[in-house]
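1. 3D, please:
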Amino acid sequence: MFRVFYALTAEILLRTADSDFPWLITPTQFPCLHVVCRNVKVVKKPADRGLFIGVSAPGIQPRSDGWTSWDLSSYGMWSYGEVRAAGQRIIDDYTELPTSSIIQADQLKQRADYDKVFRAGDEVVVVLDCTAHTLRLQSPTVQHVIPIQQQHHQQQWVLNVNFGRGEHQITVG
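-> Numbers count the residues shown, from 1 in each chain. Below is the predicted model of the structure:
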């Protein structure tokens, strides 16, 4: 279903199989004491495929289609603007993002549909604030804050990345 061709703490190269939608959870768990920040550099991503970046509980299992973004502990955003909280879609796509979340409207409009929020070459800052109980994702075009639901306030977290077909490459810092 999926392959991880190369993995180090600083760099993760991912390639998908032709028929399924792979997923990856980075190996580093982090208990949420105050604020945790990770920089995810999207090195390679097909312009016509989605990429999900967020957080979830460690050890979650993918659905039959390979996605982990649907897990009840998962919070994050797809590259086309869909936002998920506790595994539920709360925003369908970039057109429903609040105006306050758009930091570069002109750049957002110029990008392809699956690249609106982040694309190859972008760095996405992922900030998990356990005091405020929020996840903030910032890319060159958006800065969006997702509230963490009360039942997840005390859980441990891992970075959660899902992607569609094609070759993807990210680095995590």
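
2. residue 158 reaches residue 57, doesn't it?
-> Yes. At 7.4 Å, residue 158 counts as touching residue 57 under the criterion of CB atoms under 8 Å. For every residue, glycine as well, the C-beta is placed using N, CA and C.

3. what about the strands in this protein?
-> 2-7, 11-16, 23-30, 35-44, 51-56, 75-78, 83-85, 88-91, 123-129, 134-138, 143-147, 157-163, 167-172 (DSSP state E).

4. turn the ones you listed into CSV, including distance to residue 104 and mean pLDDT.
-> As requested, the strands of the chain are arranged in CSV below (distance: least, CB to CB, whole Å; pLDDT from 0 to 100):
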stretch, distance to residue 104, mean pLDDT
strand 2-7, 32, 29
strand 11-16, 27, 37
strand 23-30, 27, 48
strand 35-44, 16, 93
strand 51-56, 18, 95
strand 75-78, 16, 98
strand 83-85, 18, 98
strand 88-91, 18, 98
strand 123-129, 14, 96
strand 134-138, 11, 97
strand 143-147, 10, 98
strand 157-163, 23, 91
strand 167-172, 21, 92
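
5. can you tell which of those strands is closest to residue 108?
-> Comparing the strands of the chain against residue 108 with CB to CB, the closest turns out to be strand 143-147 (11.8 Å).

6. please point out which parts of that closest one sit buried.
-> When burial is assessed from 16 or more other CB atoms under 10 Å, strand 143-147 yields the following buried residues: 143, 144, 146.

7. and those as a markdown table, adding distance to residue 83?
-> A markdown table is the format used below for those (distance: CB to CB, whole Å):
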| residue | distance to residue 83 |
| --- | --- |
| 143 | 13 |
| 144 | 7 |
| 146 | 6 |
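
8. of the strands of the chain, give the one that comes closest to residue 101.
-> Nearest to residue 101, of all those, is strand 143-147, at 4.2 Å by CB to CB.

9. what strands flank the closest one, and is each parallel or antiparallel?
-> Listed by DSSP bridges, the sheet partners of strand 143-147 and their directions read strand 134-138 (antiparallel).

10. would you mark the buried spots in the partner strand?
-> So strand 134-138, judged by 16+ other CB under 10 Å, has buried residues 135, 136, 137, 138.
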